[in-house]
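J.: below are the sequence and a predicted model for it; my questions follow.
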There are 2 protein chains.
Amino acid sequence: MKTLKIPEATIIRLSMYSRYLSQVEERGVQMISSGEIAEGVGVSPAHVRKDLAYFGEFGTRGVGYNVDELQHHILNILRLNREWRVVIVGAGHLGSALAMYRGFGERGFHLVGIFDSDPAKIGKKYDDIAVQPIEELAQTVKEKQVGIGIITVPATVAQEVADILVNSGVDALLNFAPCVLNLPPRVELRNVDLSVNLEVLTFHLGSRRKQ
Amino acid sequence: MKTLKIPEATIIRLSMYSRYLSQVEERGVQMISSGEIAEGVGVSPAHVRKDLAYFGEFGTRGVGYNVDELQHHILNILRLNREWRVVIVGAGHLGSALAMYRGFGERGFHLVGIFDSDPAKIGKKYDDIAVQPIEELAQTVKEKQVGIGIITVPATVAQEVADILVNSGVDALLNFAPCVLNLPPRVELRNVDLSVNLEVLTFHLGSRRKQ
């Protein structure tokens, strides 16, 4: 598979297709066309066909895709055919929102800890996970073999938190703090900036006004 | 300008460059190279040059870019050369996190209201904005000429909220609810799925293990 050349937009859409296929599976649908996937997700049918073609031919012309097979295939591509253990560092509003976000569990992400340095937040419960003091972060990551750390602390302490996570063995970081993190090349990093989403909107608003 | 053909990844990076240029401006830097921008933001210098080339030549070979000029240009491209009035609907954890997110104000997004249907949340204050009852949403959007609505309500009521926002005149929606919204074509929509970010990470983790 030429997975290394896949554009990020395709990965993001695969993730959307897969979520839609879960809904469709629940309704007992067995076959689906690229047009139906496109409509359900809100992208063009050409995009669906192009995205799926990256990973080989597995639909049947005129019949469409077997839903279970396609779902299985996409989950393999996204490496969601296993459980990923996740910790959240920072139990503020955003960390809390993520801790309560049911979508993670549905996709195989298992939250095993949430950490904060504020004594007032320690012990606060999100479902069955209680906020732990930051001093317990390194040990928890090692003991529970955590693969992914989510950083929702202020930018001023984000590098420090990233260092603890990386030194304890995580493979990947999702960083919501608005700062540039320095990490060893073995660690996969994704920075999420919530205002970027608004700026993509305003860009498009500007573009269409020119039409 | 051939703005309509710009890939979304470029728009997202422009937004990152611009944020980095703000930091650099504060330090009094006047000229900057594509290599310095690349390092500051964490992308390749080739990407920086390619992204900026979409919008014409405005650097000087061997000298680099004038920071103020480049920043002004990017803010124009992203339509951040004006104020955008924003409301948040849903004052749960995520809505609260977004209401407290200082990054929005820095980029010209002015939060003018936050709404919820839960009486227990009405009146709760985020900086100087108090949560209003959902019944006041339509009137506020009209009176304050709100351009962008951010939806952080549960999926079950997201379409209903979107309809109120659209009928009251917003131009764009940022939707965090995990569902497909039906909107008239004049409205710009961006769906944000927080678990997609984790899936892009796991995809890349899988790809590198195959190397």
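T.: Cool, got the structure.
J.: tell me which helix or strand residue A:130 sits in.
T.: Using DSSP states H and E, residue A:130 sits in strand A:129-133.
J.: tell me the buried residues in that strand?
T.: Buried residues in strand A:129-133, counted by 16 or more other CB atoms under 10 Å in any protein chain shown: A:131-132. Glycine gets a C-beta too; all of them are placed from N, C-alpha and C.
J.: quick one, domains of chain A?
T.: A:3-77, A:84-195 (automatic domain parsing).
J.: which of the ones you listed sits most buried?
T.: Ranked by mean neighbour count under mean count of other CB atoms under 10 Å in any protein chain shown, those are led by domain A:84-195, which reaches a mean of 18.
J.: avg pLDDT for that domain?
T.: Averaging pLDDT along domain A:84-195 yields 93.
J.: quick one: terminal-to-terminal distance for that domain?
T.: Domain A:84-195 has its terminal residues 27 Å apart, counting by CA to CA, to the nearest Å.
J.: what's the spacing between the longest helix anywhere in chain A and its chain's center?
T.: If you go by DSSP state H, chain A has its longest helix at helix A:8-26. In terms of CA atoms, centre = their mean, to the nearest Å, the centre of helix A:8-26 is found 12 Å from the chain centre.
J.: list the contacts of that helix.
T.: The set of residues external to helix A:8-26 that reach it, using CB atoms under 8 Å, 6 or more residues apart in numbering or on different chains, is A:32, A:37, A:40-41, A:43, A:47-48, A:50-52, A:54, A:67-68, A:70-71, A:74-75, A:77-78, A:80, A:106-107, B:7-9, B:178, B:193, B:195-196, B:199-200, B:203.
J.: among the residues you listed, name the ones in strands.
T.: In this view, the contacts of helix A:8-26 that belong to strands under DSSP state E are residue A:32.
J.: specify the angle between the longest helix of chain A and helix B:8-26 in degrees.
T.: Here helix A:8-26 points in a direction 130 degrees away from that of helix B:8-26 (axes from the mean of the first three to the mean of the last three CA atoms, to 10 degrees).
J.: now helix A:8-26: average pLDDT?
T.: On average, helix A:8-26 scores 88.
J.: contact partners for the residue nearest the centre of chain A?
T.: Nearest residue to the geometric centre of chain A (CA atoms, centre = their mean): residue A:104, 7.7 Å. By CB under 8 Å, 6+ apart, the residues touching residue A:104 are A:86, A:98, A:111, B:194-195, B:198.
J.: what does the host helix or strand of residue A:164 rub up against?
T.: Element membership of residue A:164 [criterion: DSSP H and E] is helix A:155-168. The contact list for helix A:155-168, computed with CB under 8 Å, 6+ apart, reads A:87, A:89-90, A:117, A:134, A:137-139, A:141-142, A:146, A:149, A:151, A:153, A:173, A:175, A:177-179, A:181-184, A:187.
J.: how close does residue A:205 get to chain B?
T.: 5 Å (CB to the nearest CB, to the nearest Å).
J.: that residue - that's part of a helix, no?
T.: Yes. Counting by DSSP: H, G, I helix; E, B strand; the rest coil, one finds residue A:205 located in a helix.
J.: residues touching it, list them.
T.: Contacts of residue A:205 by CB under 8 Å, 6+ apart are B:79, B:147, B:171-172, B:188.
J.: just the residues you listed that are near chain A?
T.: Filtering these for proximity to chain A (criterion: CB under 8 Å from any CB of the partner chain) leaves B:79, B:147, B:171-172, B:188.
J.: helices - which of the residues you listed land there?
T.: In helices, judged by DSSP H, none of the ones next to chain A among the contacts of residue A:205 are found.
J.: in strands only, show me these.
T.: B:172, B:188.
J.: of the ones next to chain A among the contacts of residue A:205, closest to residue A:62?
T.: Nearest to residue A:62 among the ones next to chain A among the contacts of residue A:205 is residue B:188, at 35.3 Å by CB to CB.
J.: contacting residues for the closest one?
T.: Contact analysis of residue B:188 by CB under 8 Å, 6+ apart lists A:201, A:204-205, A:208, B:171-173.
J.: cool, and residue A:34?
T.: By CB under 8 Å, 6+ apart, the contact set of residue A:34 is A:45, A:48-49, A:52, A:59, A:64-65.
J.: repeat for residue A:142
T.: By CB under 8 Å, 6+ apart, the contact list for residue A:142 reads A:168-169.
J.: could you dump the domains of chain A into CSV and include distance to residue B:14?
T.: Formatted as CSV, the domains of chain A follow (distance: least, CB to CB, whole Å):
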stretch, distance to residue B:14
domain A:3-77, 16
domain A:84-195, 12
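J.: my guess is residue A:89 meets residue A:148, correct?
T.: No. Checked against CB atoms under 8 Å, the pair residue A:89 and residue A:148 is beyond contact range at 11.3 Å.
J.: tell me if stretch A:68-82 is near chain B.
T.: Yes. Counting by CB under 8 Å from any CB, chain B is contacted by stretch A:68-82 at A:77-80.
J.: and the two most separated of the residues you listed?
T.: Spatial extent of the residues of stretch A:68-82 next to chain B (CB to CB) is set by the pair A:77 and A:80 at 8.6 Å.
J.: and which of the residues of stretch A:68-82 next to chain B is nearest to chain B?
T.: residue A:79 (3.7 Å; CB to the nearest CB).
J.: for the closest one, which non-adjacent residue is spatially closest?
T.: Computed as CB to CB, 6 or more residues apart in numbering or on different chains, the closest residue to residue A:79 that is not its neighbour in sequence is residue B:206, at 3.7 Å.
J.: what's the answer for residue A:68, then?
T.: Computed as CB to CB, 6+ apart, the closest residue to residue A:68 that is not its neighbour in sequence is residue A:25, at 6.8 Å.
J.: cheers, nothing more for now.
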